[in-house]
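# okay, predicted coordinates and the sequence, questions at the end:
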Amino acid sequence: MVGLFWEEWEVGKSFISSARTVTETDIVMFAGISGDYNPLHINEEYCKKTQFGTRIAHGPLVYAIAAGLLFQLHLYDDTLIAFLGFESLRFTKPVKIGDTIHAMVTVTELTETSKTDRGVMKRLLQVINQDGDVVQEGVQAFLLHRKS
């Protein structure tokens, strides 16, 4: 399967991923992998006294799940050269154990490069919970192959 080439992306077009529930195991495993043992993620008793009332998922974990959900759409298969980074990324609401999230991306800009075999695509990423609330939002840039 081949993903979308730079010319096939359209400014304003959106893509929506499937959804996935964030589990306690996700949070515990991410803490172990990342070394981020902040009590907001791993200490239920501590969290009962916070504004959240319970443990919350790591922001980078939520992004990683969203990235995986978007990867499953096969939009970049054989066409992605590089993820160039974030222009912005905001964590707007907490994600708790049992929340179900999905991702939506909307193309915001297409820019030619000095090399005719590639172009830059910028997109707005939104991670949305089961209540329709945006829990993360950011602008990302990708370097994509152009049709030869």
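Ah, there it is.

# show me where this protein has helices.
24-34, 39-42, 44-48, 59-71 (DSSP state H).

# show me what the shortest one is in contact with.
The list of residues contacting helix 39-42 from outside it, by CB atoms under 8 Å, 6 or more residues apart in numbering, reads 27-28, 30-31, 46-47, 50, 52, 55-58. Every residue, glycine included, has its C-beta placed from N, CA and C.

# same check, this time on stretch 5-13
Taking CB under 8 Å, 6+ apart as the rule, stretch 5-13 contacts 79, 106-110, 118-121, 144-147.

# mind redoing it with 7 Å?
79, 106-110, 118-119, 121, 144-147 (CB atoms under 7 Å, 6 or more residues apart in numbering).

# tell me the mean pLDDT over stretch 140-148?
Stretch 140-148 shows a mean pLDDT of 94.

# and for stretch 61-74?
Averaging pLDDT along stretch 61-74 yields 97.

# I'd like the numbering to begin with 14 instead of 1 from here.
That works, and once the first residue is 14, the last one we named lands at stretch 74-87.

# what's the distance between the residue nearest to residue 154 when sequence neighbours are not counted and residue 136?
Nearest residue to residue 154, sequence neighbours excluded (CB to CB, 6 or more residues apart in numbering): residue 97, at 4.0 Å. Note on residue 97: its distance to residue 136, by CB to CB, to the nearest Å, is 11 Å.

# residue ranges with poor pLDDT in this protein?
Along the chain, the parts satisfying pLDDT under 70 run over 14.
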